[in-house]
Every structure is written in C-alpha cells, then in structure tokens.
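Chemist: Okay, sequence plus prediction incoming.
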Amino acid sequence: MSDSWTPQERYADTKRYLESVDAGLAGHVHNTLPISTTAAGTALSLAGNPRYAVFGNSTVGRAVRALRLCHLTYLGSNWARKTGGALGVPANLNSADGAKMTMDFYLSKSEAVVREAIMAYVALAPGLASVADAAELVGNGSPINPPFEKMTRAQNPFPSGQVCFNCVYWWLFKSGFVSLRWILKKGMALGAENANTFLGNGTQIVLNHDGSVPAIPRGTVLNWRGSQQDTVDICHWAVSLGDGYAAGANNTLAGKIKGATKAEDEDFDVRFRYQGAERTLQHADSQFGTFNIEDMCKVYSGVKTTSNATQTSGYILTAVDPMHIPNRNTGD
C-alpha cells in the first residue's frame, strides 16, 4: 500500500512509472530535480486528498504522482524562466497551490488523460504541416491562461501569444515540436533579442528574379529580421500556410517603400486574407491574421529596417525547420 511507503520507496515507484511513459524524461527529471529524492518522495504523497481512498493505490494514482514529479522538477525557479530570463514561472501561469490543484483535477481522470499531461513534457515528431494546423486552430489563443499544472497540448482554451514569436512557440508546443520543458525554460524567456538563439537562425529564402516568393512548405516557421547589426532585432515570426500566405500575430499592417529621397517614400499596405477575400488595414489582422508573404517582404525591405548607422534598409527572410529547434525536447 502506497500510504505505508517510505519517501524513498514512493519516489522509486514514481520514477519507475515515469520510465514507462518516457525513459528519457524520467532520466532528465532525476538529474534535474532541485530537491532530494527523499524530500520529493514526501511531497509525492497523495494522503489527505479526498480522492486518495479511491485512486491513491491505482494506476491513476501512480500517474498523478509521476505528473507531480514533473511539476516538482520544472515548475520552479531552478528551471522556469520569465521574459528576459528572470527566474520562475510567469505570474499569470502560476498556481498558489499546485499540488492540491493537480490532485483535485487529475485523480478522478483516466490514466490515459494523466499520461497525456505527462507527455506534454516530451517533444514529438509530427508532420511539418501540423504547425500551420495549430496556428489556424487556436490563432492567438485566449486571454484565459491556464496554470502550468493543467497545461496539455489538448488544452482548451489555449494560452494567448499576443506577440509574434510567443504565438509561434505555442503553436510549436500544440503541434508537438517542442516540449513543455522547452516552453518553460526557453519559450517563456524568449524576446526579440534572443529569438534566433532559442528558435534557430534558419535557412535563408532567396526571392525569385521577379521578386516573388518561392514555394514554402506548409508549416515552415518564417523569420524576417533586419540584415544589419543594429536592425537584427527588428523581426517578425510567422508560419507558412503553403500557399503564399502565412499566419502570424502582432503583424505589421503597412509600411513605406524607400524612394530616392524621403519625400518619395511610398506607402504600402499588406494584404490579409479573411474569409476567402483580401483586405488591408484591419486592426484584427494585427492581433492575428493571415498575410501575403511577398507583401511582408516588401515592408521589411523598406523604411522599417532602416539602420541608424548607415541609413540604408535591408532584411533577411529565413525558413526554420521545427525539427531543428535547439534542445526542443529537453529545453536544456
């Protein structure tokens, strides 16, 4: 009976169960756990929860302890990061009593549901198009952000990205390309200054001779960024839909194409697709929209990427293969 186990026995059984879900995750948890295995074994006890008498000794109870072990390992300042790299879980995704919430929520669920929550901490190998599928399904998410204790890829409502690269990393998680470990340590800390470090530089896309954009596979992560030292942080991230359009958030709606003189700069509007028709300058498209890739290239070739040092413009468009995102599984 689990209620008579010593903390070490409880920890050992929980680790064995976690190994049955994913051996790599179990090993990473054991090596990353910020407290002793004895302290962890004590914290993993389900005793005292009203559902313990029914589920405490079942496979569901073992699964809940394994999920709790993931929480003890990754939902703390030893691992989780906030924007800019500050330690800890962002306040809007944190829980005041994660242990009770986890037990209350999951002890009455099926073992399969709990294992799905555990597998959120593991990166998968889905098809490339699944990133675009996720983007179209959840858009820029919901302002109702669930705590990380309840976060799964099936989560509904799904977290809000709001900023372009935030939405991209949530779509990558939803589709399976990155793990919750990666989200907690890299995604949450991601900003314009380190987005390429965490997501990768990608492979440059060269436009056709007529200025048109070559075919870009559905699900490819796209990154526009300034080509000069002081403009590299002027960037945009989106996901190709495979038809010359991309899904993105916090989109630029318009820009200026540089003329021979400043007075000759030309206004330019980005075309967005909405319900099968094209439109321009709609605020909703800035929050989340499907835009013409070639148009966004024109905006980034213009005044938007003007260098203060050289007074010239220039950009790079790259394609990032989600399978090559650094440390997409472990988040190390």
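Modeler: Everything's here; your move.

Chemist: all strands of the stretch 151-300 of the chain, in order?
Modeler: 203-204, 221-226, 235-240, 245-249, 254-257, 266-269, 272-274, 277-279, 288-292 (DSSP state E, counting those that start in this stretch).

Chemist: and residue 48, which of these is closest to it?
Modeler: Across the strands of the stretch 151-300 of the chain, residue 48 has its closest neighbour in strand 245-249 (42.9 Å, CB to CB). Just so you know, the C-beta spots here come from the backbone N, C-alpha and C atoms, and that holds for glycine as well.

Chemist: Summarise which helices and strands that closest one is packed against.
Modeler: helix 129-138, helix 164-175, strand 235-240, strand 288-292, helix 293-301 (3 or more CB pairs under 8 Å, 6 or more residues apart in numbering; DSSP states H and E).

Chemist: Show me which positions of the first one end up buried.
Modeler: Which is helix 129-138. With burial defined by 16 or more other CB atoms under 10 Å, the residues of helix 129-138 counted as buried are 129-135, 138.

Chemist: Could I get the strands of the stretch 151-300 of the chain in JSON lines, plus columns for distance to residue 63?
Modeler: As requested, the strands of the stretch 151-300 of the chain are exported to JSON lines (distance: least, CB to CB, whole Å):
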{"stretch": "strand 203-204", "distance to residue 63": "41"}
{"stretch": "strand 221-226", "distance to residue 63": "33"}
{"stretch": "strand 235-240", "distance to residue 63": "33"}
{"stretch": "strand 245-249", "distance to residue 63": "35"}
{"stretch": "strand 254-257", "distance to residue 63": "51"}
{"stretch": "strand 266-269", "distance to residue 63": "52"}
{"stretch": "strand 272-274", "distance to residue 63": "43"}
{"stretch": "strand 277-279", "distance to residue 63": "48"}
{"stretch": "strand 288-292", "distance to residue 63": "35"}
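
Chemist: Dump the ones you listed into JSON lines; add mean neighbour count as well.
Modeler: Shown next, in JSON lines, are the strands of the stretch 151-300 of the chain (neighbours: other CB atoms under 10 Å):
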{"stretch": "strand 203-204", "mean neighbour count": "11"}
{"stretch": "strand 221-226", "mean neighbour count": "24"}
{"stretch": "strand 235-240", "mean neighbour count": "26"}
{"stretch": "strand 245-249", "mean neighbour count": "26"}
{"stretch": "strand 254-257", "mean neighbour count": "17"}
{"stretch": "strand 266-269", "mean neighbour count": "12"}
{"stretch": "strand 272-274", "mean neighbour count": "18"}
{"stretch": "strand 277-279", "mean neighbour count": "11"}
{"stretch": "strand 288-292", "mean neighbour count": "22"}
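
Chemist: Indicate which one of those is closest to residue 124.
Modeler: Ranked by CB to CB, the member of those that lies closest to residue 124 is strand 221-226, at 16.1 Å.

Chemist: Listing partners with orientation, what would you give for the closest one?
Modeler: Using DSSP bridges, the strands paired with strand 221-226 are strand 235-240 (antiparallel), strand 315-320 (antiparallel).

Chemist: which residues are contacting the first one?
Modeler: Contacts with strand 235-240, where a contact means CB atoms under 8 Å, 6 or more residues apart in numbering, come from 131-132, 135, 164-165, 167-168, 171, 192, 195, 199, 216-226, 246-248, 251-252, 291, 293, 296, 300, 319.
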